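In: Here's my sequence, what's the structure:
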Amino acid sequence: MPILSTDLLAYYRSMTTRSLTVVDLETTGHKPPRSRAIEVSVLHASLKDGILHQQTSLINPQVEVPSMITKFTGIYQEMVDMAPPSAEVWEQFLPLLSEGVITAHNIAFDYPFIQGEYERLGIPYDRPESDRLCTVKLSRIMLSELPSRKLPDLVQHFQFPVGESHRAEADTIACWLLAERLLKEIHNEDDETVLARFGEQLLPLSEASKFLGCSQKAASSRLMAAGFEPYISRRSGAYLFRRSAIEQLYWQSHQLSLPSS
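Out: Purely as a prediction, here's the structure:
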């Protein structure tokens, strides 16, 4: 079921009043359980109070740190070997990760690692979708005009005063500063203004087809027949359409399907 702009507005407005638990991990690879976390940072903050607490730790999962990870993060084997063992770190961080809205820049990456680490300890860890916030998704819908929503690029764009990227402490602060900026804009602007910004988001045909209940080819044809020209991705050549155009056709089709009184 596609998520409409009005639903997204309600969701993000609710986030402006809640405490955020921002987390970032550095890992030995892309996917658990083969890859393990080697650094974690957790930051508690809210729009009302700002940053309340941050805690960071290197982790020793007793695995090899690949050279490409050392080059990417600056974390080398000796640093990990001298760090507290994995079980000790994750038990210590459990209370921090059990409150607030779990927030990360691409939570689809960090969250499975957190779950996997606790699974190794026999500790269930499952936060509901309503208690998760992804700042990649938030930046895509609020910053559609930017060519990149990668965290280092956003740090440079906004000139956030943080340390070197690809270390957990700095990236957690950067993620918070991004969430704070965008959620404050949502909080301070009226519904019409925010929805207009949401409408500028470019969505792939896979998303358009979900909204319109048809194949991607049919969705493209319907959108272009209605006068909505696609944006062609420079990177992939894929067709992208504005969220506002897709939702306009969605509402038209649903009004036509309603029974007459």
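In: In this protein, spot the helix with the most residues.
Out: In the chain, taking DSSP state H as the definition, the longest helix is helix 168-188.
In: Pull out the buried residues from that one.
Out: Within helix 168-188, the residues scored as buried using 16 or more other CB atoms under 10 Å are 168-180, 182-183, 186. To be clear about C-beta, it is placed using only N, CA and C from the backbone, and glycine gets the same treatment.
In: quick one, strands of the chain?
Out: 20-27, 37-46, 50-58, 101-104, 132-134, 202-204, 231-232, 239-242 (DSSP state E).
In: Determine which of those approaches residue 4 most closely.
Out: strand 202-204 (12.1 Å; CB to CB).
In: ok, residues contacting that closest one?
Out: Outside strand 202-204, the residues within contact range by CB atoms under 8 Å, 6 or more residues apart in numbering are 144, 231, 238-243, 246.
In: same question, stretch 70-81
Out: Here stretch 70-81 has contacts from 26, 38-39, 58-61, 64-65, 69, 164, 166-167, using CB under 8 Å, 6+ apart.
In: List only buried entries from those.
Out: Members of those classed as buried by 16+ other CB under 10 Å are 26, 38-39, 58-61, 65, 69, 166-167.
In: Can you pick out the most distant pair from these?
Out: The widest separation within the buried ones among the contacts of stretch 70-81 (CB to CB) is 19.2 Å, between 60 and 166.
In: Give me the pLDDT for residue 256.
Out: Residue 256 carries a pLDDT value of 61.
In: Ignore what I typed, I meant residue 4.
Out: For residue 4, pLDDT reads 96.
In: what do you get for residue 259?
Out: Value for residue 259, per-residue pLDDT: 55.
In: residues contacting the nearest residue to residue 4 once chain neighbours are set aside?
Out: For residue 4, ignoring the flanking residues on the chain, the nearest one in space by CB to CB, 6 or more residues apart in numbering is residue 247 at 6.3 Å. Shown in contact with residue 247 (CB under 8 Å, 6+ apart): 4-5, 199, 211.
In: Can you flag which of these belong to helices?
Out: 5, 199, 211.
In: these two touch, right, the second one and residue 242?
Out: If I follow you right, that is residue 199. Yes: using CB atoms under 8 Å, residue 199 makes contact with residue 242 at a distance of 6.3 Å.
In: what are the phi and psi angles of residue 234?
Out: Per-residue torsions, residue 234: phi -70, psi -30 (degrees, to the nearest 10).
In: Residue 122 is in contact with residue 91, correct?
Out: No: in this structure residue 91 lies outside contact range of residue 122 using CB under 8 Å: 11.2 Å.
In: Of the two, which one has the most company?
Out: Using other CB atoms under 10 Å, the more surrounded residue of residue 91 and residue 122 is residue 91, with 13 against 6.
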